[in-house]
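Asker: attaching a predicted model along with its sequence, questions to come.
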Amino acid sequence: MAEEDVARELREDARALVESGEWAKAVALLSSLHPADLADLVLALNEDERSALLIHLPNDIVGQLFEFTEESDLKALIESVGIAGLPAVLEETPDNVTVDVIQQLTPAERIETLAALDREELGELLEYADESAGGIMSRGFVTLPERETVQQAIDYLRLLQPGADHAYYLYVVDDDERLQGVVSLRDLIVSRPSTVLAEVTSRDVHAVTAGTDQEEVARALQRYNLLAIPVVDEEGRLIGVTTADDLIDVLEEEATEDMYRMVGLDEDERVFSPVWQSVRRRLPWMMVNLATAFLAAAVVGRFNTTLGKATVLAAFMPIVAGQGGNAGTQTATIAVRSLALGDLEVRDVFRACRKEILVAIANGLAVGMVAGLAAFAWQQNWALSTVLASALFLNICAATMGGVLIPLGLKSINVDPALAANIFVTTITDVLGFLFFLGLATVAIKQIA
């Protein structure tokens, strides 16, 4: 039987036990599940079932649930645990997870929970911005003084017994806790016991400051193929570590945010979000789109006389606008994502435009020729076919250039391109598409009519 089928059966059995109130059997079975699967099951329960179950689960298992729960679902889990029971659970979670949970609380609840936890380092972590290296870092790291010997370091590690997730790298520091480099467990094992750590330390260490944006941290981790990356303060002192598993979540979060913003949605929007909440988040951008649609309508209104003489033009207007919109959206999506990944900078504007104009010319010629031939086969009118082909070529070129220049322009004035690029690109393609098509049709109206 496949692993997924086994996990599914376990979840179904566990849910049946929860629904029947057989708590001892439920806890025994649930304890065998991976925390990620357990989190899915717990969140699928109704509020009463979830609250009853969490009372019976050990605090360390509930703590793991917080670690494997999406940030958007944390509030539901917090409500089920209750503020009174939250401190005992958070004692079992890593610092960065604890901070994520505390940030979901009201100011009064936050004060109460922090007082019960009595962990001074949490106050420091809460001072960092949510989406910075300081906001996602963990305090779980191992430091070794550079003046110690390899044998002393090994003895210390045996005494400390760090978890596997804390021993990706061993960080070597000076007497002032400033980061000097890294040493691996392998280096310690193969080195002579009397060797001083400073001699086996790799100085080629990539660190980030606490204020570095989390997306930049994720890119650095990918670029240098690291399992973890150290976080230092302004004086170079090691204050935390961000690990690959944390940054995988960051990359998913940033990609989702960019994708949602491209279509005017809030990154917290979910398929089962409350109706009014969804309306409130979506309506403003729909109103902006409505305003830009009226702008396109105003352009069409300027050519009422032309449309009156050749009503057949109305049948081809969606083709011009649609093809331009597709070309612009394709280019804008590539540009926005490239900007987010750091592959495209404002200084690259000329190189990007040169490449995209060649793509636009090729696509414009191909689409224009096919559309022109199809229009002639349908209407038997060479003038109409030529106008349609020319308008498509011009609009695809304009839309493609807009798809590059608009995101770069927004980036240059510190506006998130993902938030507004598509609206501007769509407006330009609609307005220019109708202007090109109806303008050319006006010139050739005698031949078309």
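Answerer: Good, I have the coordinates.
Asker: quick one: contacts for Val81?
Answerer: Contacts for Val81 (C-beta atoms under 8 Å, 6 or more residues apart in numbering) come out as 54, 62, 89. C-beta: built from backbone N, CA, C; applies to glycine.
Asker: all strands of the stretch 101-250 of the chain, in order?
Answerer: 142-145, 170-173, 179-183, 208-209, 228-232, 238-243 (DSSP state E, counting those that start in this stretch).
Asker: kindly reformat these as a markdown table containing mean neighbour count and mean pLDDT.
Answerer: Converted to a markdown table, the strands of the stretch 101-250 of the chain look like this (neighbours: other C-beta atoms under 10 Å; pLDDT from 0 to 100):
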| stretch | mean neighbour count | mean pLDDT |
| --- | --- | --- |
| strand 142-145 | 18 | 88 |
| strand 170-173 | 22 | 90 |
| strand 179-183 | 21 | 91 |
| strand 208-209 | 18 | 90 |
| strand 228-232 | 23 | 89 |
| strand 238-243 | 23 | 86 |
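Asker: make a markdown table out of those strands and add distance to Ser194.
Answerer: Shown next, in a markdown table, are the strands of the stretch 101-250 of the chain (distance: least, C-beta to C-beta, whole Å):
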| stretch | distance to Ser194 |
| --- | --- |
| strand 142-145 | 15 |
| strand 170-173 | 17 |
| strand 179-183 | 15 |
| strand 208-209 | 34 |
| strand 228-232 | 27 |
| strand 238-243 | 26 |
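Asker: right, and those - which one's nearest Gln222?
Answerer: When the strands of the stretch 101-250 of the chain are compared for distance to Gln222 using C-beta to C-beta, the nearest one is strand 228-232, at 10.4 Å.
Asker: list the strands paired with the closest one, with their directions.
Answerer: Here strand 228-232 is paired, per DSSP bridges, with strand 208-209 (parallel), strand 238-243 (antiparallel).
Asker: what comes into contact with stretch 365-380?
Answerer: When contacts are taken as C-beta under 8 Å, 6+ apart, the neighbours of stretch 365-380 outside the stretch itself are 312, 316, 319, 323, 381-382, 384-386, 388-390, 392-393, 396.
Asker: identify, from those, the entry nearest to Arg178.
Answerer: Taking C-beta to C-beta as the measure, Arg178 lies nearest Ile396 of the contacts of stretch 365-380, at 56.2 Å.
Asker: mind telling me what element that closest one is part of?
Answerer: Under the assignment given by DSSP states H and E, the secondary-structure element containing Ile396 is helix 382-412.
Asker: pLDDT averaged over that helix - what is it?
Answerer: Model confidence over helix 382-412, given as mean pLDDT, is 89.
Asker: wait, doesn't Val27 sit right on Leu54?
Answerer: No: the pair Val27 and Leu54 does not pass the contact test of C-beta atoms under 8 Å, sitting 10.6 Å apart.
Asker: higher neighbour count, the two?
Answerer: Of the pair Val27 and Leu54, Leu54 is the one with more neighbours under other C-beta atoms under 10 Å, namely 20 against 17.
Asker: in stretch 352-361, which residues are buried?
Answerer: 352-353, 356, 360 (16 or more other C-beta atoms under 10 Å).
Asker: my bad, should have said stretch 427-444
Answerer: Across stretch 427-444, burial judged by 16+ other C-beta under 10 Å covers 427-442, 444.
Asker: what packs against the host helix or strand of Gly325?
Answerer: Assignment of secondary structure by DSSP H and E places Gly325 within helix 313-341. For helix 313-341, the helices and strands in contact under the criterion 3 or more C-beta pairs under 8 Å, 6 or more residues apart in numbering; DSSP states H and E are helix 244-262, helix 304-309, helix 349-379, helix 382-412, helix 417-443.
Asker: output the below-cut-off pLDDT ranges for the stretch 251-400 of the chain.
Answerer: Residues of the stretch 251-400 of the chain meeting the criterion pLDDT under 70: 254-274.
Asker: repeat the analysis, applying 80 as the threshold.
Answerer: Under the criterion of pLDDT under 80, the regions of the stretch 251-400 of the chain flagged as low confidence span 251-286, 288-289, 337, 339-349.
Asker: still on that earlier bit, which one of the strands of the stretch 101-250 of the chain lies closest to Glu12?
Answerer: strand 238-243 (33.1 Å).
Asker: with only the CA atoms kept, save the closest one in PDB.
Answerer: Output for strand 238-243, consisting of C-alpha atoms alone and laid out as PDB, is shown next (Å, rounded to 0.1, in the frame of the first residue of the first chain):
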ATOM      1  CA  LEU A 238      26.300  36.300  15.700                       C
ATOM      2  CA  ILE A 239      22.700  36.700  16.900                       C
ATOM      3  CA  GLY A 240      20.800  33.900  15.100                       C
ATOM      4  CA  VAL A 241      20.500  31.500  12.200                       C
ATOM      5  CA  THR A 242      18.000  31.000   9.400                       C
ATOM      6  CA  THR A 243      17.700  27.500   8.100                       C
END
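Asker: might you calculate how far it sits from the centre of the chain?
Answerer: Offset of strand 238-243 from its chain centre (C-alpha atoms, centre = their mean, to the nearest Å): 21 Å.
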